[in-house]
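1. Need the 3D shape of this:
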Amino acid sequence: MELRRALQGLVEVKQDRFDRFHPVSLASSGGKFTSEGQMVVNFLPLDEVGAGVADGDGWWFAAEMTSEAKALYRQWIDEMWNGDHSVANELVADNFVGHWPDRDVHGVRGLLEAMVPLSEMFESISFEIEVGPISEDDMVAGRWRGQGTTSGGESMTFIGNDLLRIADGQFVEYWVATQPV
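-> I've put the predicted structure just below:
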């Protein structure tokens, strides 16, 4: 456990009855410090974590999942919602469920079908992330702004908030709230 030895001088590593450890985010561990100024990081065994990215020593890094989630969300908005639907199979799992206020959609095909009215309504449309993405565990959230011009020449702006759940590197569940500005 090379990583554990490397961290030993920086943090107080806690082990109860387990051989493998899981570093918990500082927010959840309270970011505590010893009287000597060492940071205390709490660890959970990997078999209690459920999902995550493990390196060769069996360590799971929340930061890696957070980075992956943020990159997926940027691709979700920057590519897919801006018109490159070819990335849908890469981003969205077969068992995907999207929750809109008025309906649920299932799978990649259901998501793409739900996007059709949007592309039919606007001659040109673009989306950009305003807040986030914010990620924790298997969830990522963001606030976006969409701007488009209808075929009649009317300019429209709308905002939305997304919350997505990730499993195995793909989005499996989606909640959205949108409103015109």
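
2. Let me see the ranges of the helices in the chain.
-> Assignment of helices within the chain using DSSP state H yields the ranges 2-8, 26-29, 46-49, 62-75, 88-91, 107-121.

3. Touching, residue 167 and residue 138? I think so.
-> Yes: assessed by C-beta atoms under 8 Å, residue 167 is found in contact with residue 138 at 6.5 Å. Every residue, glycine included, has its C-beta placed from N, CA and C.

4. Of the helices of the chain, which shows the lowest average pLDDT?
-> Among the helices of the chain, helix 26-29 carries the lowest mean pLDDT, a mean of 35.

5. between residue 167 and residue 138, who's got more neighbours?
-> Under the criterion of other C-beta atoms under 10 Å, the comparison of residue 167 against residue 138 puts residue 138 first, with 16 against 13.

6. Count the residues that sit near the closest residue to the more buried one other than its chain neighbours.
-> Nearest in space to residue 138, with sequence neighbours left out and distances taken as C-beta to C-beta, 6 or more residues apart in numbering, is residue 166 at 5.1 Å. Residue 166 has 22 neighbours, counted by other C-beta under 10 Å.

7. And residue 129, by the same measure?
-> 18.

8. what is it paired to in the beta sheet?
-> Counting by DSSP bridges, residue 129 is bridged to residue 144.

9. again, but for residue 164
-> residue 140, residue 174.
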